[in-house]
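Participant: Kindly generate the corresponding structure for this input.
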Amino acid sequence: MKFINKIIAVCLCASVFAGGCGQSGQDTTKSKKIESTGSSKKSTEQASSDTEASKDIFAMDTYMTVTAYGEKAQDAVDAAEAEIERLDTLLSTGNADSEIAKLNEQKSAALSEDGGYLVKRALELNKETDGVFDIAIYPVMEAWGFPTQNFRVPSADELTGLLKHVDAAEISYDTDTREISFEDDQMKIDLGGIAKGYTSSRIMDIFKENGITSGLVNLGGNVQALGTKTDGSNWRVAVQSPDDTEDYLGVLSIRDKAVITSGGYERYFEQDGVTYHHIIDPKTGYPAENGLVSVTIVSSDGTLADGLSTSLFIMGEEKAAEFWKAHGDEFEAILETDDGTIYVTEGLKDSFTTDLDMKVITK
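Facilitator: Residues are numbered from 1 along each chain as shown. Next comes the predicted model:
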């Protein structure tokens, strides 16, 4: 059995690549690199000055890079690292002491403000996507072995049995008290489908609280930008090619946006010559196979972008396009089909450049 977990995101900042691609300690400026161990997780303070600070962090099972520009840049980056670690501890299903792990064990809880907000958003997305986005998919993910990397292919009968417990619409949640409960004692949830997007948006808040007007975060491929680069030009974010980890589909020009990509190439295992990726369709219990190999969402809302990148991937090209037509005021999208066709929603036609042929989705 072969397992592959690819963490690829390329951010083009002027002529410099600035991305958390597992190269901990890589200098992103001409400043002297400073090694530090500020927590139990691996962390490298890459560069700091009065106007710039950048740090590589390993958390949420991925490599991240946080970069800020301004007089309080170092304070902002340090606060961002603390927030990443706090949310990781709070939300991780793999941490037995996290509130989500305890909820899955006890079947009821009064959630924290962060956990409650994410559950609320997840249930809204579940309704808006007609059940495609479903945080109750966790028992099926466990059956496939993705949370623990103990991979296996479940039998059809096993999946049929587990799917009876997958329905986020059955979760009881009070938005005022943040009390949550499961009537089904086999139900478990996982907020991983929106947690990184929420985290990147929280970092944007932290940047603003510290007077930062220019910054970038790359959370294992989830990119979010604050403002513009220091020269006033837009950030340029490359969209990963699912076919070649050294190549990209094209480049987006953005400011104050999150860019989040989902694809079956990110995390998968191979058994008996068959590839099984981690994006599970909650209707079938199997990896989604609806003709898309990559979905990129662009939105000012990182939480929304994270959830929709997975949801539209599961929907497939036709339903994804229809969903955008109904909700296009909230996000834009880039879709690549398994035959190599690239579809771009019309709001991106002037900000996405590519050497490949692309088709524009219009309303």
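
Participant: can you give me how far the helix or strand D56 falls within is from the chain middle?
Facilitator: Here D56, judged by DSSP states H and E, is contained in strand 52-59. Counting by C-alpha atoms, centre = their mean, to the nearest Å, strand 52-59 is centred 17 Å from the centre of its parent chain.

Participant: which residues in the stretch 101-250 of the chain form helices?
Facilitator: With helices called from DSSP state H, counting those that start in this stretch, the stretch 101-250 of the chain shows them at 113-128, 138-144, 156-163, 192-209.

Participant: what helices or strands is the strand holding D56 leaning on?
Facilitator: strand 43-48, strand 62-69, helix 73-91 (3 or more C-beta pairs under 8 Å, 6 or more residues apart in numbering; DSSP states H and E). For the C-beta atoms, the positions are set from N, CA and C on the backbone; glycine is no exception.

Participant: domains of the protein?
Facilitator: The chain resolves into domains spanning 2-87+193-361, 99-192 when parsed by automatic domain parsing.

Participant: and these, which is most packed in?
Facilitator: Sort the domains of the chain by mean neighbour count, taking mean count of other C-beta atoms under 10 Å, and domain 2-87+193-361 sits at the top with a mean of 19.

Participant: So for that domain, mean pLDDT?
Facilitator: Across domain 2-87+193-361, pLDDT averages out at 84.

Participant: Neighbouring strands of the strand holding D56 in the sheet, and parallel or not?
Facilitator: When sheet partners are counted by DSSP bridges, strand 52-59 sits next to strand 43-48 (antiparallel), strand 62-69 (antiparallel).

Participant: Of all the helices of the stretch 101-250 of the chain, which one is nearest V77?
Facilitator: helix 192-209 (9.0 Å; C-beta to C-beta).

Participant: Quick one: distance of that closest one to the chain centre.
Facilitator: Distance of helix 192-209 from its chain centroid, counting by C-alpha atoms, centre = their mean, is 10 Å.

Participant: Might you report the residue contacts of E322?
Facilitator: E322 makes no contacts at all, as judged by C-beta atoms under 8 Å, 6 or more residues apart in numbering.

Participant: Could you look up the SS state of it?
Facilitator: Here E322 is recorded as helix under DSSP: H, G, I helix; E, B strand; the rest coil.

Participant: Just the C-alphas of the strand holding D56, formatted as PDB.
Facilitator: C-alpha atoms of strand 52-59 as PDB (Å, rounded to 0.1, in the frame of the first residue of the first chain):
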ATOM      1  CA  GLU A  52       8.700  42.400   8.200                       C
ATOM      2  CA  ALA A  53       8.300  39.100  10.000                       C
ATOM      3  CA  SER A  54       7.800  35.700   8.500                       C
ATOM      4  CA  LYS A  55       7.600  32.300  10.300                       C
ATOM      5  CA  ASP A  56       7.200  28.700   9.300                       C
ATOM      6  CA  ILE A  57       5.000  26.600  11.500                       C
ATOM      7  CA  PHE A  58       3.900  23.000  11.600                       C
ATOM      8  CA  ALA A  59       0.400  22.500  13.000                       C
END
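
Participant: Specify the angle between that strand and helix 73-91 in degrees.
Facilitator: 20 degrees (axes from the mean of the first three to the mean of the last three C-alpha atoms, to 10 degrees).

Participant: Quick one: work out the angle between strand 52-59 and helix 192-209.
Facilitator: 160 degrees.

Participant: JSON lines for the helices of the stretch 101-250 of the chain, including distance to L335?
Facilitator: Converted to JSON lines, these look like this (distance: least, C-beta to C-beta, whole Å):
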{"stretch": "helix 113-128", "distance to L335": "18"}
{"stretch": "helix 138-144", "distance to L335": "24"}
{"stretch": "helix 156-163", "distance to L335": "27"}
{"stretch": "helix 192-209", "distance to L335": "18"}
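
Participant: how close does the closest residue to T354 other than its chain neighbours sit to Q74?
Facilitator: Closest residue in space to T354, ignoring its immediate chain neighbours: G250 at 3.0 Å, by C-beta to C-beta, 6 or more residues apart in numbering. Counting by C-beta to C-beta, to the nearest Å, the separation of G250 from Q74 is 34 Å.

Participant: Please apply the same query to V259.
Facilitator: V259 is 25 Å from Q74, where distance means C-beta to C-beta.
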